[in-house]
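>>> Could you look at this predicted model? Sequence included:
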Amino acid sequence: MRAILQNKKRLSFILALLLCFSGLIYYLATGWDPVTYTRSDWVRFTFFTNKLVKNLPELDDKTQITFRPQDGPPTTEGYWVDYKKHVDTRKLENYLARSGYIKKTINDYGQSTEAWVIAEQSNPYHSISLYDEKNGNTKIVFIGMQ
């Protein structure tokens, strides 16, 4: 009888643990609201940040990364990287070029704008834009990451 009771306790504990783990996975995976974090948020940075974003030059613990799932066909991911300082755009452009991107003029809602696109693909949903803001900070927008 004692062995049966211990097995029930063990089984109940395992089921409770699985339920908690499932809830955590659901919470982390289904949020459609934008999520802002930094490199010091280990879980989000390690598991949910695209490799191209993770390896950006001069990424530090003050740099804010905003992740936002993009809906529509096809569903993709978007990242807004907000450096809290000025970063030499030549470093960023060299990094993108080494990663297989080329600078191109694209049509963005009726306006011509410069963006970085994958050289061997013509995916109109995937582009990267670099900005120097008025306050001197550098911002990078990744749209259509897969």
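Perfect, I can see it now.
>>> what's around Arg39, how many residues?
18 (other C-beta atoms under 10 Å). Quick note: C-beta positions are derived from backbone N, CA and C, even for glycine.
>>> no, scratch that, I was asking about Leu17
10.
>>> is it fair to say it lies in a helix?
Yes - with DSSP: H, G, I helix; E, B strand; the rest coil as the criterion, Leu17 is assigned to a helix.
>>> got a pLDDT number for the residue nearest to the spatial centre of the chain?
Centrality entry for the chain: nearest residue to the mean C-alpha point is Thr49, 4.0 Å, by C-alpha atoms, centre = their mean. Looking at Thr49, its pLDDT reads 89.
>>> One more: Asp82?
Reported pLDDT for Asp82: 95.
>>> Check Gln70 too.
The model's pLDDT for Gln70 equals 66.
>>> Also Arg98?
On the pLDDT scale, Arg98 is placed at 94.
>>> do the same with the one 5 residues further on
Per-residue pLDDT puts Lys103 at 90.
>>> For the chain, give me the ranges with low pLDDT.
In the predicted model of the chain, residues 1-6, 22-32, 70-76, 108, 121-125, 146 satisfy pLDDT under 70.
>>> Can you give me the domain assignment for it?
Here the domain parsing of the chain from automatic domain parsing is 1-30, 34-145.
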